[in-house]
Structure formats: structure tokens, C-alpha cells
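> okay, predicted coordinates and the sequence, questions at the end:
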Amino acid sequence: MRRAAVLVGLGALGFGTWRLATIGPAAEVTGALLWLAAVLVLHDAVLAPAVAALGRPLGLLRGRGARWAVAVPVVGAGAYVAAVLTLVALPALLSPGVADNASVLPRDAGRGLLAALALVALVTVAVAAGTAAVAVSRAEAVRTPREPPREPPRERPRER
């Protein structure tokens, strides 16, 4: 699995390098490099600290041994997906309006983001509840003592 992921990553890197080399004028290459630098800065300055800030309290909650603590990674994953979705939607939210391109359909980016975030929250709550319910039922099954299987009664030899 790891080798396949490395091969996919190398393929994407090669494709991106090829596209960057064949993109055209220097102004477009400079714009692409600026965009890549902005993505790196945004990740390192915003996304990574936010995940670390959220992960610490969630990790402390998990360490307390509560029954619902198994759902903590699910909540963390849901929060991460919501943050990435918000970052992806920021350009559409901050754009001045409809572009001059007639093929671009004007949409309400804010409403779309809220709908997507509501769906992420709904799925996160459902999966977290399911995970906690399974963990609780497994814990109860382990704690319930089982009776050893009964052996059939042995016949005693008759004394003469």
C-alpha cells in the first residue's frame, strides 16, 4: 500500500513539474510559484497549528478512559475535514463577485459551505455515536462473565 501511495505521489509530482515547465509565459509560472508558496504558508501558519490546538484537548479527553473516548479521533477527523473545506471555499467566499466569464455559474458560496459543513457535522456525529455504541457493547460483552459450558453428567459405575 505504501509503495502504491509513493508511486501515485511521484506521478503527481512529475505531472505538476511537467505542467509548470510547459505552462507558458514567465508571468504564469511566477503566479503558479506564488500560489504554491501561499499554500505552504497557509498550511504551516494556519492549518497545522489549528490541528495541533484541537488535538491536544481531544487527546486529553481520550486519556481519561471515558466510554465515549473512542469517538475522539472521529471528532478530530471531522474537525479537520471542516477546516480543509473552509480553506478550499475561501477563494469563492472572498471573491468580489461573478466573473466576466459567462460560462461560470453564479452560486452562493456561503450557503454551499454551510451546507457542506452541516453534512460533515452530521456524518461526524453519526459515526462518533456509532463508534461509541460499538465500544460500549464490546466492553459490556467483555465484562459479562460467561458460564463455563456444562459437561454431560457422568455415569457412576455401579457397586456390587
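Arrived safely. Because the structure is predicted, anything quoted here is derived from the model rather than measured. Numbering: from 1, shown residues only.
> which neighbouring elements make contact with the helix-or-strand element of the chain with minimal mean pLDDT?
The least trusted helix or strand in the chain, going by mean pLDDT, DSSP states H and E, turns out to be helix 48-62, with a mean of 75. Judged by 3 or more CB pairs under 8 Å, 6 or more residues apart in numbering; DSSP states H and E, the packing partners of helix 48-62 are helix 72-94. Yep, even glycine has a C-beta here, placed from its N, CA and C like the rest.
> what distance separates the helix it packs on from the centre of its chain?
Going by CA atoms, centre = their mean, to the nearest Å, the spacing between the C-alpha centre of helix 72-94 and its chain's C-alpha centre is 9 Å.
> list of residues touching that helix?
When contacts are defined by CB atoms under 8 Å, 6 or more residues apart in numbering, helix 72-94 is touched by residues 42, 46-47, 50-51, 54-55, 58-59, 61-62, 107, 109-110, 112-113, 116-117, 120-121, 123-124, 127-128, 131.
> check what pLDDT the residue nearest to the spatial centre of the chain gets.
The C-alpha lying nearest the average C-alpha coordinate of the chain belongs to A77 (CA atoms, centre = their mean; 3.7 Å). According to the model's per-residue confidence, A77 sits at a pLDDT of 88.
> same question, V8
With respect to pLDDT, V8 has a value of 91.
> please save the CA atoms from the least confident helix or strand of the chain in CSV.
Listed next in CSV are the C-alpha coordinates belonging to helix 48-62 (Å, rounded to 0.1, in the frame of the first residue of the first chain):
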residue,chain,number,x,y,z
ALA,A,48,-1.2,22.8,11.2
PRO,A,49,-1.4,25.0,14.4
ALA,A,50,-5.2,24.6,14.3
VAL,A,51,-5.0,20.8,14.2
ALA,A,52,-2.4,20.8,17.0
ALA,A,53,-4.5,23.2,19.1
LEU,A,54,-7.6,21.0,18.6
GLY,A,55,-5.7,17.7,19.0
ARG,A,56,-4.3,18.5,22.4
PRO,A,57,-7.6,18.8,24.3
LEU,A,58,-9.0,15.9,22.3
GLY,A,59,-6.1,13.8,23.3
LEU,A,60,-6.5,14.7,27.0
LEU,A,61,-10.2,13.7,26.8
ARG,A,62,-9.2,10.3,25.3
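> thank you, goodbye.
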